[in-house]
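1. Here's my sequence, what's the structure:
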Amino acid sequence: MPNAQISIYTQKEQGEEWLRRYRGCLPVFACVLGFTETGLISGISAAGRTPEDRKYTACADAEFLYYGPEHQAQYPLPPLAAGASPVLISRAVFESLKTPVHLFNAGLPQNPAVPVIDLGGAPAKCLSGGAAMEITTVHHLFEQGLLWGERLAANIQQGYLIIGECVVGGTTTALAILTGLGIDAAGKVNSSHPVCNHAQKWALVQSGLEKMRGSRGQGAGGAGGENFTLSSSSPSSSSVNPLQLVAAVGDPMQVVVAGMAIAASRSCGVMLAGGTQMLAVYALMNAIAQTYALSWLPEEVVVGTTRWVAEDPTGATVDLALNLGKDALTKSGRTPPLLATRLSFADSRYPQLRAYEQGFVKEGMGAGAACIAAHLSQDWQQQQLLAAIEAQLELLSTALD
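-> From the prediction side, this is the model:
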């Protein structure tokens, strides 16, 4: 019997089968931190009140996830216009479940003050320039993703791997990747704002993709990058190379998670933790696997998020997930099962949490997937989740006093 605390919006049978397979199992959590200068544009994101705040959001979230609310943080959680960081949700669940947590730095402007695995990446430039990252960096990060996906999965006997992210401005790079892969995503992505800033995102994406196309004939890095061992199965000349697309308009998290999920899917379940950004990663996995003839098991991969994302009235997440099955360029489109926790903050005593019901924040740091894991492994219901999350916020408020 499917858990009433989890909704399945697409690929219902596959989603139910996945939930059955991993009921009672404990997950491992990998969180990939990255940065794009896109996140510094005024008004692009609500994940930090000012551009300066947003430089440190990933470091602050990582520190809170690792140490909890009573730790004297080097990077405190940034002030938000409304709401509270979704890392409160992830921390509440993963601490209670004693979930192993692995933090990866795919490319941040500064090192987080927590133990992280440094993947040797670099922050991305703003996607509007059409030259966000060096192609050699993208190849390197993809290889690291494959390596760590295999490594993490090797230690999972019967459970599954949750892969989360923290990239401020990441829904805009997601829109760029989806659009570049020929998927109809305009007006469908989410944001941390209560009303999504679609026009602002779309203008940046159009600029980046136009500049990418303009530089294509000028030797903008081929698929045979430095230390890159995969050989392309020569996609048709009309289609875009997915790794070159990431180099042009993506962010460092995307290829790492794509590589991790491709490799891990071969031996365990994978939950991509997030909404728009993980749908873009799923589309990227499809395109990369086809371009480079890589094997993966799509039936092992689901996307897990919150209902605030899945049912966001200012986005169209379910439509977007369905559009992945109509991938115009690679013709290999697949629609992933899109799952969401039914968690509600309507009855919370904290206004910062009730703000989620008004459309602020919505998701991040694997929050939705964490709740799905709590439902699956411990059969947590709404009250247990709310109590654990409010306890984190209470400790944080006390620590700040």
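2. average pLDDT for stretch 72-90?
-> Across stretch 72-90, pLDDT averages out at 91.
3. Ok, stretch 111-123 next?
-> Mean pLDDT, stretch 111-123: 97.
4. Can you give the contact residues for it?
-> The set of residues external to stretch 111-123 that reach it, using CB atoms under 8 Å, 6 or more residues apart in numbering, is 33-37, 58-59, 62-63, 66-67, 73-75, 102-109, 133-134, 137, 140-141, 144, 148, 252, 256. For every residue, glycine as well, the C-beta is placed using N, CA and C.
5. Buried ones among those residues?
-> Among the contacts of stretch 111-123, those classed as buried by 16 or more other CB atoms under 10 Å are 33-37, 58-59, 62-63, 66, 73, 75, 102-108, 133, 137, 140-141, 144, 148, 252, 256.
6. Just to be sure, which of these are found in strands?
-> Residues of the buried ones among the contacts of stretch 111-123 located in strands (DSSP state E): 33-34, 102-107.
7. Can you tell me which of those comes closest to residue 279?
-> residue 34 (16.8 Å; CB to CB).
8. Could you give the bridge partners of the closest one?
-> Beta bridges link residue 34 to residue 107 when assigned by DSSP bridges.
9. who are the neighbours in contact with it?
-> Going by CB under 8 Å, 6+ apart, the list of residues near residue 34 reads 58, 106-108, 121, 123-124, 165-167, 170, 251-254, 256.
10. cool, and residue 65?
-> 31, 87, 90-91, 94, 101, 103, 365.
11. ok, and what's touching the helix or strand bottoming out on mean pLDDT in the chain?
-> Across the helices and strands of the chain, mean confidence by mean pLDDT, DSSP states H and E is lowest for helix 51-54: a mean of 91. For helix 51-54, contacts defined as CB under 8 Å, 6+ apart pick out 39-42, 45, 47-48, 78-79, 168-169.
12. what about that helix, distance to the chain center?
-> 20 Å (CA atoms, centre = their mean, to the nearest Å).
13. For it, list every residue counted as buried.
-> Buried positions in helix 51-54, judged by neighbour count with 16+ other CB under 10 Å: 51, 53-54.
14. and what of stretch 183-195?
-> By 16+ other CB under 10 Å, the buried positions in stretch 183-195 come out as 183-194.
15. Can I get those in TSV including pLDDT?
-> What follows is the buried residues of stretch 183-195, written out as TSV (pLDDT from 0 to 100):
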residue	pLDDT
183	95
184	95
185	96
186	96
187	96
188	96
189	95
190	92
191	89
192	88
193	88
194	88
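16. and the two most separated of the ones in strands among the buried ones among the contacts of stretch 111-123?
-> Farthest-apart pair in these is 102 and 107; separation 16.7 Å (CB to CB).
17. Can you tell me how far the closest residue to residue 359 other than its chain neighbours is from residue 82?
-> In this structure, residue 359 finds its nearest non-sequential neighbour in residue 194, 3.4 Å apart by CB to CB, 6 or more residues apart in numbering. According to CB to CB, to the nearest Å, residue 194 stands 8 Å off from residue 82.
18. do the same with residue 393
-> With CB to CB as the criterion, residue 393 and residue 82 are 14 Å apart.
19. Those two: who's more crowded?
-> When neighbours are counted by other CB atoms under 10 Å, residue 393 and residue 82 differ, and residue 393 comes out ahead with 20 against 17.
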